[in-house]
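>>> whatever this is, show me its structure:
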Amino acid sequence: MPITPATATHSSSNGTAEAILLELVDEDGTTIGTAEKLAAHQPPGQLHRAFSVFLFDERGRLLLQQRALGKYHSPGVWSNTCCGHPYPGEAPFAAAARRTFEELGVSPSLLAEAGTVRYNHPDPESGLVEQEFNHLFVGMVQSALRPDPEEVGSTAFVSAAELAERHAADPFSAWFMTVLDSARPAIRELTGDAAGW
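Numbering: from 1, shown residues only. Prediction:
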């Protein structure tokens, strides 16, 4: 498995383990420093850069992923196609494309910026806090998924109506509705009004 920011540590050139660093930002999204990943999510949370991806198939259905049970944060819950954190200095667009491939084994056939959203979402289950300046992306997926089981427990393509039913019945990530609502204008532009998003 490739070593990625989704893992707790990664190896340096001398073979020792290093903590994963996130990019800390101010309220305008300007980089102000770095913090270790877990420390940035400890209450009250440190504002850091993140991204969220929403990919759709040709029928206008959203690809959801259920987070793997082994993840330290929000395991087993449903969420958007892919989310994560850029490496310090990495462009959010590049990070979004990279992590989508690492987690789901596909490269989007289209990926477009869809704005940003800033939020503060405590996770009652883990006690961790998502204090994020989140870059949103929407796009299309047209190839077969090859999910990494260490990252993804399950996947589903859902219509807007099916999402509403699933959201009422199943646990979702604390940030899901915030990022979805913020991305809706770009989603509607991508899928057309008939898709109901």
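
>>> so where does the one residue sitting closest to the centre of the chain fall, helix or strand?
In the chain, the centroid-proximal residue (CA atoms, centre = their mean) is Cys83; its distance is 0.9 Å. Following DSSP states H and E, one finds Cys83 within strand 82-84.

>>> who's in contact with that strand?
5-6, 50-53, 55, 65, 95-96, 99-100, 103-104, 134, 173, 175, 179 (CB atoms under 8 Å, 6 or more residues apart in numbering). (Glycine included, C-beta is placed from N, CA and C.)

>>> buried set for stretch 68-75?
Under the neighbour-count criterion of 16 or more other CB atoms under 10 Å, stretch 68-75 has 68, 71, 73-74 buried.

>>> over to stretch 23-32?
The neighbour-count criterion (16+ other CB under 10 Å) identifies 23-25 as the buried residues of stretch 23-32.

>>> list the contacts of Arg184.
Trp197.

>>> now what about the helix or strand where Arg166 lies, what contacts it?
Counting by DSSP H and E, the element that carries Arg166 is helix 160-169. Helix 160-169 has contacts (CB under 8 Å, 6+ apart) with 61-62, 64, 78, 156, 158, 176-177, 195-197.

>>> using PyMOL, define a selection of the buried residues within those residues.
Under the burial definition 16+ other CB under 10 Å, those of those that qualify are selected in PyMOL by:
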select buried, resi 61+62+64+78+158+176+195+197
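
>>> mind checking the end-to-end distance for stretch 144-163?
21 Å (CA to CA, to the nearest Å).

>>> in that stretch, what's buried?
Within stretch 144-163, the residues scored as buried using 16+ other CB under 10 Å are 147-148, 151-153, 157-158, 163.

>>> what do you get for stretch 56-65?
In stretch 56-65, counting by 16+ other CB under 10 Å, buried: 56, 60-65.

>>> report the rounded mean pLDDT for the helix ranked longest in the chain.
With secondary structure taken from DSSP state H, the chain has its longest helix at helix 176-191. Mean pLDDT, helix 176-191: 96.

>>> for stretch 68-77, same thing?
On average, the pLDDT along stretch 68-77 is 87.
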